[in-house]
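Peer 1: got a sequence here, can you build the structure:
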Amino acid sequence: AGAARRRRRVPSQATPSAEDFEQLSKRIACKMEILGFYQKCAALVDKQAAQSHHQLTQAVRTRDGEQLDPVLQAQARQRRRALAEMQAQAGRPNQAAIARRMAELQRFAAGA
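Peer 2: Below is the predicted model of the structure:
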């Protein structure tokens with residue numbers, strides 16, 4: 001009963017206008033693209049973590065403890081480079097990808 005009271009009332013409108021539908025499609029397409037971007041970031045972080053683990057394991061097994069510093073410094077540089085690339089990508093929207101997502105949404109809405 002409490003959840004029913006908290007529900008927002010949606011204005012009754014038979015069908016949204018074409019402009020409303022276009023705005024909603026753009027918002028959804030942008031959100032889909034953002035989600036795709038963060039999925040790529042997560043995959044990159046997972047890949048880097050696996051590579052770092054492998055490199056550190058190799059360094060520990062084959063080298064003295066003093067030799068770990070160069071490995072750790074190289075990994076820190078790789079992380080900084082990857083972070084800079086992700087920040088650069090996040091700063092510029094991919095208009096082609098957003099247009100592709102909008103086309104997908106339009107096909108979905110058309111029932112194709």
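Peer 1: tell me the spacing between residue 73 and residue 47.
Peer 2: From residue 73 across to residue 47, the span is 20 Å (C-beta to C-beta, to the nearest Å). All C-beta spots, glycine's among them, are computed from the backbone N, C-alpha and C.
Peer 1: residue 58 too?
Peer 2: 17 Å.
Peer 1: with adjacent residues omitted, what lies nearest to residue 60?
Peer 2: Ranked by C-beta to C-beta, 6 or more residues apart in numbering and with sequence neighbours excluded, the top spatial neighbour of residue 60 is residue 68, at 7.3 Å.
Peer 1: contact partners for residue 105?
Peer 2: Residue 105 is in contact with 25, 28-29, counting by C-beta atoms under 8 Å, 6 or more residues apart in numbering.
Peer 1: name the nearest of those relative to residue 91.
Peer 2: Relative to residue 91, the closest of the contacts of residue 105 is residue 29; by C-beta to C-beta it sits at 18.7 Å.
Peer 1: residues contacting the closest one?
Peer 2: Neighbouring residues of residue 29 by C-beta under 8 Å, 6+ apart: 98-99, 101-102, 104-105.
Peer 1: repeat the analysis, applying 7 Å as the threshold.
Peer 2: By C-beta atoms under 7 Å, 6 or more residues apart in numbering, the contact set of residue 29 is 98, 101-102, 105.
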